[in-house]
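turn this into a model:
(2 chains)
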Number of protein chains: 2
Amino acid sequence: MAPAYKLTYFDGRGLGETSRFLMKYGGIDFEDCRIKREDWPQMKPKFPFGQLPTLEHNGKIVNQSQAISRYLAKQVKLAGNDDWENLEIDAIVDTINDLRLKVSAYFYEKDEAKKQTILENVNKEVLPFYLKRFEEIVKKNKGHFALGRLTWADFYWATVSTGLDMVTKVDTIANYPELKAVRDKVNSLPAIKKWIEQRPKTDF
Amino acid sequence: MAPAYKLTYFDGRGLGETSRFLMKYGGIDFEDCRIKREDWPQMKPKFPFGQLPTLEHNGKIVNQSQAISRYLAKQVKLAGNDDWENLEIDAIVDTINDLRLKVSAYFYEKDEAKKQTILENVNKEVLPFYLKRFEEIVKKNKGHFALGRLTWADFYWATVSTGLDMVTKVDTIANYPELKAVRDKVNSLPAIKKWIEQRPKTDF
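A predicted model of the protein is given here:
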């Protein structure tokens, strides 16, 4: 039988990896479809808003990585138990995403001088501002980003923070033991550990 | 009795108005707290991540406008009936937000020459790309952004699209009858119509 879910993304971790982690964690069988960069221009118009990742299920297809991860988290019981709990998770996920977007600005900037200005601001202002607050939040939440227990916010952090290190080329959380611990905790879950060992090796 | 909810934002519509619309629609009594720009610098450190809007309820406070609106939509029955339906709503809301962010880049740019370059791109590329696709989606969904019925995605559109007109200083949806109709539909709901008449008159 074909898997019930198909996740389509580039041949990389990027915005697809949180959803892959969630499905691996929950034992959801899925088609891990990876589009090569050179094939993308001709395929782009076929996807909603020309975006990846997409999730296909029961003949339907949707874009937007965070929305997809939120849906999958509910399927694998890593969401909140009521609406307010889900709000708490969503709020911290969106805040982690704010940090991601500010760091991505460096990644996407083509002008080398501007790139350096952004990187300097990221290292001096942006990272300390967010990481200090995240560290306090995780401490308050018994080693998690929300609700004092494992949720998809921790999964989101584990994948996004790895991306931050890749983009800035430094160990961004070296001085934040709580933030390191929560990433390690996710990466050490048996199904995730196995996936990290087995997944395609890619640059980003 | 004090209202169960307190929404804190600047004295403007901006990122607070979708949540205000939702509470007005559902008859949720809330404190509409508006912070003056001149008071913000000293108050900023007291708010999570120095951000507005925030929602307070039962002694808890959260940031992130979209997360707050998603939560409120569930309270007033403008969310999906199952996880996949919520995914469909979330995906289109995030896509409307992508458009909002691209247009906001113009609003926030200080350099006048760069501002004009961004505006040109917004008018020639960004708006047509998104609005054409949104128009088709609304047509397919019987006059709505998702699920063929009124959801908070329509509320999000009504408030965000008004902001797009304000920022670009043109009637962005003049040639998109479906997009105009869905905005008018939300703005004509009795509780929303009344709110629009009674709300504080502000510039943004």
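
what does chain A have sitting close to chain B?
Contact residues, chain A versus chain B (Cβ under 8 Å from any Cβ of the partner chain): A:48-49, A:55, A:57-58, A:60, A:62-64, A:66-68, A:70-71, A:74-75, A:83-84, A:86-88, A:90-91, A:93-95, A:98, A:130, A:133. No exception for glycine: its C-beta is placed from N, CA and C like everyone else's.

OK, contacts around A:K142?
The contact partners of A:K142, by Cβ atoms under 8 Å, 6 or more residues apart in numbering or on different chains, come to A:G148, A:R149.

distance check, it against chain B.
17 Å (Cβ to the nearest Cβ, to the nearest Å).

thinking again about what came up before, in helices, which of the residues of chain A next to chain B appear?
Judged by DSSP state H, helices contain the following of the residues of chain A next to chain B: A:66-68, A:70-71, A:74-75, A:83-84, A:86-88, A:90-91, A:93-95, A:98, A:130, A:133.

hey, where'd the strands end up in chain A?
Applying DSSP state E to chain A gives strands spanning A:5-10, A:30-35, A:54-57, A:60-63.

most tightly packed of those?
strand A:54-57 (a mean of 21; mean count of other Cβ atoms under 10 Å in any protein chain shown).

so what touches it?
In contact with strand A:54-57 (Cβ under 8 Å, 6+ apart) are residues A:4-9, A:19, A:47-48, A:61-63, A:68, A:71-72, B:84, B:87.

do that again at 6 Å, thanks
A:Y5, A:K6, A:L7, A:T8, A:F47, A:I61, A:V62, A:N63, A:I68 (Cβ atoms under 6 Å, 6 or more residues apart in numbering or on different chains).

what mean pLDDT does that strand have?
Averaged over strand A:54-57, pLDDT sits at 98.

how many other residues sit next to A:D203?
If you count neighbours by other Cβ atoms under 10 Å in any protein chain shown, A:D203 ends up with 7.

helices and strands of chain A: which one has the lowest mean pLDDT?
When the helices and strands of chain A are scored by mean pLDDT, DSSP states H and E, helix A:112-121 comes last with a mean of 92.

check which residues of that helix are buried.
Neighbour counts over helix A:112-121 (16 or more other Cβ atoms under 10 Å in any protein chain shown) mark A:I118, A:L119 as buried.

helices or strands up against it?
helix A:83-108 (3 or more Cβ pairs under 6 Å, 6 or more residues apart in numbering or on different chains; DSSP states H and E).

and the helix it packs on, which residues are buried?
A:84-100, A:102-106.

now swap in stretch A:118-133 and tell me
A:I118, A:L119, A:V122, A:V126, A:L127, A:Y130, A:L131.

got the CA coordinates for it in CSV?
Listed next in CSV are the C-alpha coordinates belonging to stretch A:118-133 (Å, rounded to 0.1, in the frame of the first residue of the first chain):
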residue,chain,number,x,y,z
ILE,A,118,23.5,41.6,8.8
LEU,A,119,25.8,38.9,10.3
GLU,A,120,27.3,41.4,12.7
ASN,A,121,23.8,42.4,13.9
VAL,A,122,22.8,38.8,14.1
ASN,A,123,25.7,37.9,16.3
LYS,A,124,25.7,41.0,18.5
GLU,A,125,22.0,41.7,18.9
VAL,A,126,19.6,39.2,17.4
LEU,A,127,21.0,35.9,18.7
PRO,A,128,21.7,37.1,22.3
PHE,A,129,18.3,38.8,22.5
TYR,A,130,16.4,35.6,21.6
LEU,A,131,18.7,32.9,23.0
LYS,A,132,18.8,34.5,26.4
ARG,A,133,15.0,34.6,26.6
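
what does that stretch contact?
Contacts of stretch A:118-133 (Cβ under 6 Å, 6+ apart): A:L99, A:K102, A:V103, A:A105, A:Y106, A:E109, A:T172, A:Y176.
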